[in-house]
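A.B. asks: Sequence below, structure please.
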Amino acid sequence: MAKSKFLGGASRRSLLQQFGAAAIGISFSGSLSACGQGGGGRTVNFYNWDTYIGPTTLADFQAATDVPVNMSLFATNDELFARLRAGNPGFDVIVPSNEFVTRMSQAQMIQELDRAQIPNFTNLLPEFQDAAFDPGRRYSMPYTWLVLGIGYNKAACAAKGVPVPNSWRYLFDSPTFTQRMALLSESADLIRLCAKYQGISLNAIPEANLASIEQMLIRQKPHIKAFHEDDGQDLLAAGEIDIVLEYNGDMAQLMSAEGGEAFDFVVPQEGTLINSDCLCIPTGAPHVEDAHAFINYLLDAEAGKKITEEIQYPTPNAAVRDLMPDSYKNNPVIFPSADLMAKSEYGAFEGDEKARQFEEIFTRISAA
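C.D. replies: Below is the predicted model:
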């Protein structure tokens, strides 16, 4: 998912200012050559969401294994998929969300994992050791799980008479926050949440509802300031918007930063979309053995704790969870109530044709 750059403590931006991107193995372009990754030797080329790793994780892995990690960044699953559709340019580990695990496995874009090389699999919570989108966990290991909701400026919303914007209506079907809102640009997620607002399942959306969702968002577009990819919470923090469609972990990061008490997060009453970001090895990975070692390391209890402390996303790792403080375990932003979770669903991959249809709908909305 699109991850926040607005962090408390030592953010990516401050690290870059101090050391420069090359010094910590980061490319913002998704270009392997930008990180000097074209040479031989042991390494892991990691394609990840922004600020979705612990501050010392890459260096710690290198210290433990003598294998460097070069990390490039993407902003959406659509970008990740497009980057690898024509063939793997040299990545060893990628982080697609659940339905893209299905889509990429069916397209033979990711390879089966060797469970024998990932003994830390046993650290996972039982409910994450299998998955409907990847039966038997043949192609993926869970990295995080997450939900979408509405991040908001508390004072600005109260001033408009909406102290808690607890319905998708405020984003999709209302002028209340004209030019003070931002929506996510990931086509499938956006359309599925509109289906939730319409009171139907976010999977197998009928054609009539897809047409009405498209028209609803076209009507709403004059009220939308931006369709964001990787900076929705930053727009909120900068005061450019008052409400935003965002991931719970991004908002937990923002709310824990200096000045974060001005913001809050709500899962709308209609329910939401649940996602799980996963660790996969793309077909044609040049360093398969080191890729397995890196995935196993990310599932380690202490390594996972450092990651979770930084990114503030729900962990599927029981060993990590046991090390986290109650302030994390009991945070309703990170772990929404059972009632809200019962109204929420994972999105299922429904075929390339449906994925293209979602993309085409969003393109028409963007052009309207």
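
A.B. asks: burial of residue 77, as a residue count?
C.D. replies: For residue 77, the count of nearby residues is 27 (other C-beta atoms under 10 Å). C-beta here means a position set from N, CA and C on the backbone, and glycine is covered the same way.

A.B. asks: hey, which strand is longest across the chain?
C.D. replies: Longest strand in the chain, counting residues (DSSP state E): strand 141-153.

A.B. asks: Alpha carbons only: can I get that one in CSV?
C.D. replies: Taking Å, rounded to 0.1, in the frame of the first residue of the first chain, the C-alpha atoms of strand 141-153 are listed here in CSV:
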residue,chain,number,x,y,z
MET,A,141,4.7,-14.9,2.9
PRO,A,142,2.6,-12.3,4.8
TYR,A,143,4.4,-9.1,5.7
THR,A,144,1.5,-6.9,7.1
TRP,A,145,-2.2,-6.7,6.9
LEU,A,146,-4.1,-3.4,6.8
VAL,A,147,-7.4,-1.7,6.2
LEU,A,148,-8.5,1.5,4.4
GLY,A,149,-10.4,4.2,6.1
ILE,A,150,-10.7,8.0,6.4
GLY,A,151,-7.9,10.0,7.9
TYR,A,152,-9.0,13.5,9.0
ASN,A,153,-8.1,16.8,10.6
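
A.B. asks: Spell out the residue ranges of the strands in the stretch 251-368 of the chain.
C.D. replies: 263-266, 273-279, 345-346 (DSSP state E, counting those that start in this stretch).

A.B. asks: still on that earlier bit, residues in contact with the next helix-or-strand element following the longest strand of the chain?
C.D. replies: Where DSSP states H and E defines the elements, the next helix or strand beyond strand 141-153 is helix 154-159. Here helix 154-159 makes contact (C-beta atoms under 8 Å, 6 or more residues apart in numbering) with 163, 164, 165, 180, 242, 243, 262, 263, 264.

A.B. asks: One more pass at 10 Å, please.
C.D. replies: Helix 154-159 is contacted by residues 150, 152-153, 162-165, 170, 176-177, 180, 236, 239, 241-243, 261-264, 266 when judged by C-beta atoms under 10 Å, 6 or more residues apart in numbering.

A.B. asks: Pull out the buried residues from these.
C.D. replies: 150, 152-153, 162, 165, 170, 176-177, 180, 236, 241-243, 263-264, 266 (16 or more other C-beta atoms under 10 Å).

A.B. asks: and those residues, which two are the farthest apart?
C.D. replies: In the buried ones among the contacts of helix 154-159, two members sit farther apart than any others by C-beta to C-beta. They are 176 and 263, at 17.8 Å.

A.B. asks: how about low-confidence regions in the stretch 1-150 of the chain?
C.D. replies: Scanning the stretch 1-150 of the chain for pLDDT under 70 picks out 1-40.

A.B. asks: Walk me through the domains of the chain.
C.D. replies: 12-145+275-329, 146-273+334-367 (automatic domain parsing).

A.B. asks: circling back to that earlier point, can you lay out the strands of the stretch 251-368 of the chain as JSON lines showing mean pLDDT and distance to residue 92?
C.D. replies: Shown next, in JSON lines, are the strands of the stretch 251-368 of the chain (pLDDT from 0 to 100; distance: least, C-beta to C-beta, whole Å):
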{"stretch": "strand 263-266", "mean pLDDT": "98", "distance to residue 92": "34"}
{"stretch": "strand 273-279", "mean pLDDT": "97", "distance to residue 92": "11"}
{"stretch": "strand 345-346", "mean pLDDT": "95", "distance to residue 92": "27"}
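
A.B. asks: what's the closest of these to residue 329?
C.D. replies: That would be strand 263-266 among the strands of the stretch 251-368 of the chain, by C-beta to C-beta, at 16.9 Å.

A.B. asks: could I have the closest one exported to PDB, CA atoms only?
C.D. replies: Listed next in PDB are the C-alpha coordinates belonging to strand 263-266 (Å, rounded to 0.1, in the frame of the first residue of the first chain):
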ATOM      1  CA  PHE A 263      -5.500  14.000  13.300                       C
ATOM      2  CA  ASP A 264      -7.600  10.900  13.600                       C
ATOM      3  CA  PHE A 265      -8.700   7.900  11.600                       C
ATOM      4  CA  VAL A 266     -12.000   6.100  11.200                       C
END
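
A.B. asks: starting at the chain centroid, how far to it?
C.D. replies: How far strand 263-266 lies from its chain's middle: 18 Å, per C-alpha atoms, centre = their mean, to the nearest Å.

A.B. asks: same question, stretch 198-205
C.D. replies: 21 Å.

A.B. asks: Can you give the strand pairings for the longest strand of the chain, parallel or anti for each?
C.D. replies: Applying DSSP bridges to the sheet, strand 141-153 is found paired with strand 243-247 (antiparallel), strand 263-266 (antiparallel), strand 273-279 (antiparallel).

A.B. asks: Could you point out which of those strands sits nearest residue 74?
C.D. replies: strand 273-279 (11.7 Å).

A.B. asks: Can you show me the CA trace of the closest one as CSV?
C.D. replies: Once non-C-alpha atoms are left out, strand 273-279 reads as follows in CSV (Å, rounded to 0.1, in the frame of the first residue of the first chain):
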residue,chain,number,x,y,z
LEU,A,273,-11.5,-3.3,2.3
ILE,A,274,-8.9,-5.5,4.0
ASN,A,275,-5.5,-6.0,2.4
SER,A,276,-2.4,-8.1,3.1
ASP,A,277,0.9,-7.1,1.7
CYS,A,278,3.1,-10.1,1.0
LEU,A,279,6.7,-11.0,0.3
